[in-house]
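>>> Kindly return the folded structure for what I paste below:
(one chain, ligands or ions: 1)
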Amino acid sequence: MPDQARERSVVEAAPKQLFINGKWIDASSGATFDVLDPSTGKLLCAVADASPEDGMAALEAAAAAQAAFAATAPRARADMLMRAFHLLHERMDALALLMTLEMGKPLAESRGEIAYAAEFFRHFAEEAVRVNGGYQVAPAGGARFLVTKQPVGPSLLITPWNFPMAMGTRKIGPAIAAGCTSVIKPAAQTPLSMLALAEILAEAGVPEGVVNVVTTDNAGAVMEPLIRSGVARKLSFTGSTAVGRRLLEQCADKVLRTSMELGGNAAFIVFPDADLDAAVDGAIAAKMRNSGEACTAANRMYVHTDVIDAFGAKLAEKMAALPVGRGVDDGVRVGPLIDAAAQRKVQQLVTDAVERGAKVLTGGQTGNEPGFFYPPTVLTGVPESARMRHEEIFGPVAPLTPFSTEEEVVAAANDTEYGLVNYLYTNDLSRALRVAEALETGMVGINQGVVSNPAAPFGGVKASGLGREGGPTGIEEFLETKYIGIALA
Ligand code: NAP
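Next comes the predicted model:
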């Protein structure tokens, strides 16, 4: 099939309605909103725009399904997740094309995300059957403590546009494994991947009402009544710190359990004893995954004064050589940004840094092509006063700043309200561990530019969030601990 016809057929085949109680339905008002292809700025399709009443219907369906789902055998829930894992792999080509069309990332990265997303299902299928409690003798004797785990209950899952499927499976996987039903609200810019996932989950045998998907471009109006309803017991949110703060306030009303995966401001530190070529490759991985539109993206690169010129030259050469274009085209490594506002923001941050004294080694200026592209950019001598030192760039811009001592760079890395991840490159093991322990983040990459792994506990400290997703404890976010005291006669 010619490329354009295949693009059209994948979009046409994708569900575009709300998924409530196992049925595909239009929004009750009949309203829709548009989804654009960020590589052209053109319309891809229209998707159902839920009203607050539709949102409530989804939550009521989740609440009605909760007790029966909690009572299913853990093995049955594990089997649903494993079937969904296999279906994601079987449909990889079409799903990757759909994701690239709505989000922009190159096809190879979309395939990588779908494999990563599927892995959360496999990981939590394995966890579902290993939820353990305990039995203990009371310290004073005479009584016994029985400790058991139960599902938290109906959960609200809100996901961002930058990883349209993996940020969903990271929540849906443990929710299903734990026996929780849910209402998922994907980002308005990328609803199609989540709707396609709902179709797969239904095919995998997930019962009606257990997973509901509500799409809307009026997130606040639809989600706030659900959060405040007293019906939902949990909110798991991935998105910006600004929205996360607002949602935490809303959750306080009914004291909901919360998991918050929020923004980041990762430092990428290169010590003078590092393998410089490996550090450059790591910097490209940490910066250019998802065109820099990742919470884990290296946002501040601190490079020792002895090596900053050599590092900057190598990085600029490699960044300048990365092919930019539509993610569907062969060989493209850098797709567009998500929208015109993102493109404008990146340009403003670069202009601000340059006005404050930074030097452009490559890139630095948007072109006139259609779509929301920004060229891979390397800046050096970026001062601490630059806005991009304190705000998420969310674009393909690597800002370098020199440092002299370990103490100085640790203090600079920690001088941010965020605390998601930092990276460091050094061949000195003692230094690596000393610095990793001193950094105020939930995660640290030592001599590696990517930390995401479904089997590891992902999450941040400070304003980067609460709780951990994935890893051995990810399922705990969807479990309550109940202690039953037993008197012995
Ligand atoms: P965002 O604006 O905070 O949106 C995230 C989600 O929240 C979207 O589904 C959005 O819906 C929804 N939302 C917005 N306002 C809301 C409200 N008042 N009530 C309920 N829901 C609301 O973030 P984004 O721009 O999509 O994503 C980028 C951000 O996510 C960055 O800050 C990034 O660092 C962070 N992120 C963090 C992680 C992590 O694991 N720590 C992972 C990925 C991304 P609409 O799309 O309709 O606005």
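>>> Roughly how far does residue 138 sit from residue 61?
Residue 138 is 42 Å from residue 61, where distance means Cβ to Cβ, to the nearest Å. Backbone N, C-alpha and C define where each C-beta goes, glycine included.
>>> Give me the more crowded residue out of these two.
Higher neighbour count among residue 138 and residue 61: residue 61, with 23 against 13, using other Cβ atoms under 10 Å.
>>> roughly how far out does the host helix or strand of that one sit from the chain middle?
Assigned by DSSP states H and E, residue 61 belongs to helix 52-70. With Cα atoms, centre = their mean, to the nearest Å as the basis, helix 52-70 stands 25 Å off its chain's centre.
>>> and the longest helix along the chain, what does it pack onto?
Longest helix of the chain, by residue count under DSSP state H: helix 107-128. When contacts are defined as 3 or more Cβ pairs under 8 Å, 6 or more residues apart in numbering; DSSP states H and E, helix 107-128 sits against helix 74-90, helix 92-103, helix 166-178.
>>> would you turn those helices into a markdown table with distance to residue 233, mean neighbour count and mean pLDDT?
Shown next, in a markdown table, are those (distance: least, Cβ to Cβ, whole Å; neighbours: other Cβ atoms under 10 Å; pLDDT from 0 to 100):
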| stretch | distance to residue 233 | mean neighbour count | mean pLDDT |
| --- | --- | --- | --- |
| helix 74-90 | 18 | 19 | 98 |
| helix 92-103 | 31 | 24 | 98 |
| helix 166-178 | 11 | 29 | 98 |
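>>> how about the residues of the chain that lie near the ligand?
158-163, 167, 185, 187-189, 217, 219-220, 223, 238-240, 243, 246-247, 261-264, 295, 392, 420, 460, 465 (Cβ under 6 Å from any ligand atom).
>>> Which residue comes closest to residue 229 once chain neighbours are left out?
residue 59 (6.5 Å; Cβ to Cβ, 6 or more residues apart in numbering).
>>> and the one you found, how far is that from the ligand?
Distance, residue 59 to the ligand, using Cβ to the nearest ligand atom, to the nearest Å: 14 Å.
>>> what's the answer for residue 109, then?
For residue 109, the distance to the ligand - Cβ to the nearest ligand atom - is 14 Å.
>>> residues contacting that residue?
Residue 109 is in contact with 289-290, 327, 335, counting by Cβ atoms under 8 Å, 6 or more residues apart in numbering.
>>> Smallest gap between the stretch 151-300 of the chain and the ligand, at which residue?
As assessed by Cβ to the nearest ligand atom, the ligand sits closest to residue 239 within the stretch 151-300 of the chain, at 2.6 Å.
>>> How many residues are close by that residue?
Residue 239 - counted by other Cβ under 10 Å - has 21 other residues nearby.
>>> just checking, it touches residue 160?
Yes. Using Cβ atoms under 8 Å, residue 239 is in contact with residue 160, at 4.7 Å.
>>> So what's the gap between the longest helix of the chain and the chain middle?
13 Å.
>>> and if you look at stretch 172-188?
That offset, for stretch 172-188, works out to 14 Å (Cα atoms, centre = their mean).
>>> Figure out the length between the terminal residues of it.
Stretch 172-188 stretches 18 Å from its first residue to its last (Cα to Cα, to the nearest Å).
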